[in-house]
Structure formats: C-alpha cells, structure tokens
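Engineer: coords please:
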Amino acid sequence: MHLVREDALVCSALEFLPTELLPLLFMDAFHGRHIKTLKAMVQAWPFVCLPLGGLIDLPHVGPLQAILEVLDVLLAQKVRSKWMEQRKASIHLCCKKLTIFAMPVENVMKILNMVQLDCIQEVQFLKLYHLQDLYLDSPSFLEGCLDQMLRFLRTLLDHLAITNCWLTESDLTHLSQCLNIHELKGLDLSGVTMTDFSPEILCILLEQVAATLKELNLEQCGITESQLESILPVLSLCSQLRTFSLCGNVLSMAIMEKLLSHITGLINLSDEFYPAPQESYSPHGILQLGRLAELRDKLIEIMQDLGFPRAICLSSSPCPRWSNKTFYPEEPFLYQCYMSA
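Structural biologist: Numbering: from 1, shown residues only. Presented below is the predicted three-dimensional model:
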C-alpha cells in the first residue's frame, strides 16, 4: 500500500497529519522517489533524529541527495527564526556507516556535527591526500578495526593522537606496521589501556618513530613496570624527544631510577611528567606528602649522580600542566606536582 500518490496533496496536508504517521510516510516517499514530498517532510520534521542509516546502502541516490540538500540549506541560511535555531540544534543524522571523501576539514567537521556519533558502526576515510595531523578522542568505532582507517592514509603523519578509547593488541600491531607514521613527531595514546599488551609490540611501535619523535604521551595507559622496562632501550633511542609523560601509571622508585638512567642521554628532553612513586601512597591509596618529600630528595640524588641536571614533574594527576604545583627554588631542576587534598 502506497501512502504517497500526489506530491502536491501530501505537501499541503503535512501540517495536519498525525506525527505518528510521518516516519511511515517518509519511507514511502523515499522508496517511491517523491522528491518534493521528501523535501517538504525534512523541512517540517518534528523528531530529534532523522534516521537515514538504513537508507545509505539502498540504490536511491536521488532521494538521498535531495534530503541532504534540504539539510544543507537549513544549516546554511543566514537568517533564522528562533524556531529554526532550535531545529538546527536538534537535527542529527543516524547512520551506521560513514564515508569521508577528500574535502576541506571544515566540511568534515560540519558533517560530524550533524551525525549522531554513537550510531556509527563503520567509518571509511577515502583519499586523505593532505592529512598531516590526526586527533581522535574517545572514538567508539576503532577497537579491532584501526587498520581500516590507516589504510586510507596517503601522506606521512606529523602528529597522531588516539586517546581515551579501547584498542586491541592487533590495532597496535597495525599501527606499528603503518608506513605513514615513520616520520611522526607527536604520538599521544593517553587513556588507551595497554596492561595486557605484549611489550614487544610497544617496542616495535617506538622503533618505527624513534628517529623523529618529539612528543610522547602515555598517560593513564595502565603500563606495567615490566612493559616499561622492556621499552627503555628503544626509548633511549628517541634522540629528538622533547616532551614525555607517563602520568597516571603506577611506577615504583626502582623502575623510575632505571627510567631516568636510560634517558639521560636524551639531550633535547625538556619536559618530563611522571606519576608520584608508588611508595609515596599509603596502603589505602592516600598520597603522603611527607613520604613524597623523602622520595623527592632521593630522586634529586639519583639525577645528581647521573650528572645531567633537568626538570621533572611528579604528579598524582594525569594532567600535570593543569594540576597544583609546588616549586622548590633551591633545586631548580625539580618540580613536584600533586593534587590538593
């Protein structure tokens, strides 16, 4: 049974139709290629979401293009009533598969702002010929399929940030094998849990970027001491490294001493951020400032013995640049950072 027969009749009756009937009418208009009716319905759509995800793979390019044209007009209009402003904020496309072709970044951002991101199950990037910096924070679609995104890269990346999400060991393997990271200057994997990952994978990844890497952020990665000890030799080869952060991981004084010893030769390293040593916490996880001060003095002695004065930050916060800091002017090469009680 076809609900849509005459475009003009349906368009004139839209405001009088029960809202419950609109989704069924919309699908009927789409499959029947009633372009005028579709455009009128999109303009008058009363719901929060416009569910196009199930229509993406259907051979109906004309109707889909018409819908997108109306949405583009609605979002591009310079003069809108208050009602239109509210409707702009409520328009989100529900799609399970998102394909991004070569286009200006601002257009990509406009599309992402229109899409209900938690509906996306598959993302494809096509012809990313000029991409140099890629930042992905809390992506829910990457776990187990990072290789699908990496294969569409066409240029060498300068900076890569994949943060606060779940990745598999296989994802990290694919990343280490990606030819587009060989001249990477910045790598941020903060918030990606690696506790159960093989140390060998971390070593291989760092080996690929050791010659050019300037910034390395491994905050809150759940890195174990055995993993850290395994990557120390290759970490010492990152001769260009300037900024390095391990905050938010659990490290003992013993492994921190080994770490400081291995990276003493990194003469460009100027910003080092480390967690307060495990021994500075009580059995109940409370930071003990007196004990921290003792460990601070021990770290100073270690660095003095290494013969390479430098500044480091100790923090119970994963973001030392914005946490409370106590500066000790009598020791110009050490900062202590900790959260207020």
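Engineer: which element follows the longest helix seen in the chain toward the C-terminus?
Structural biologist: Criterion DSSP state H: the longest helix present in the chain is helix 289-306. Reading on from helix 289-306 to the C-terminus, the next helix or strand found by DSSP states H and E is strand 312-315.
Engineer: can I get that following strand in PDB, CA atoms only?
Structural biologist: Taking Å, rounded to 0.1, in the frame of the first residue of the first chain, the C-alpha atoms of strand 312-315 are listed here in PDB:
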ATOM      1  CA  ILE A 312      60.900  16.700  36.000                       C
ATOM      2  CA  CYS A 313      57.300  16.800  37.300                       C
ATOM      3  CA  LEU A 314      55.800  14.400  39.700                       C
ATOM      4  CA  SER A 315      52.100  14.200  39.900                       C
END
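Engineer: just checking, what packs against it?
Structural biologist: Packing partners of strand 312-315 (3 or more C-beta pairs under 8 Å, 6 or more residues apart in numbering; DSSP states H and E): strand 271-275, helix 289-306, strand 335-337. C-beta here means a position set from N, CA and C on the backbone, and glycine is covered the same way.
Engineer: walk me through which strands it pairs with, and which way each runs.
Structural biologist: When pairing is defined by DSSP bridges, strand 312-315 lines up against strand 271-275 (parallel).
Engineer: so what's the residue nearest to N217 when sequence neighbours are not counted bridging to?
Structural biologist: Leaving aside its sequence neighbours, N217 sits nearest to D188 (C-beta to C-beta, 6 or more residues apart in numbering; 4.1 Å). Legend: beta-bridge partners of D188 under DSSP bridges are A161, N217.
Engineer: so which residues of the chain form helices?
Structural biologist: Along the chain, counting by DSSP H, helices occupy 7-13, 22-31, 35-43, 61-76, 82-90, 105-114, 146-150, 169-177, 199-209, 225-235, 253-262, 289-306.
Engineer: adding mean pLDDT, mean neighbour count and distance to S245, write those out as CSV.
Structural biologist: Below are the helices of the chain laid out as CSV (pLDDT from 0 to 100; neighbours: other C-beta atoms under 10 Å; distance: least, C-beta to C-beta, whole Å):
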stretch, mean pLDDT, mean neighbour count, distance to S245
helix 7-13, 63, 14, 59
helix 22-31, 84, 17, 49
helix 35-43, 85, 20, 47
helix 61-76, 77, 15, 39
helix 82-90, 51, 11, 36
helix 105-114, 67, 12, 27
helix 146-150, 89, 19, 22
helix 169-177, 97, 18, 18
helix 199-209, 97, 19, 15
helix 225-235, 97, 17, 13
helix 253-262, 96, 18, 12
helix 289-306, 88, 15, 17
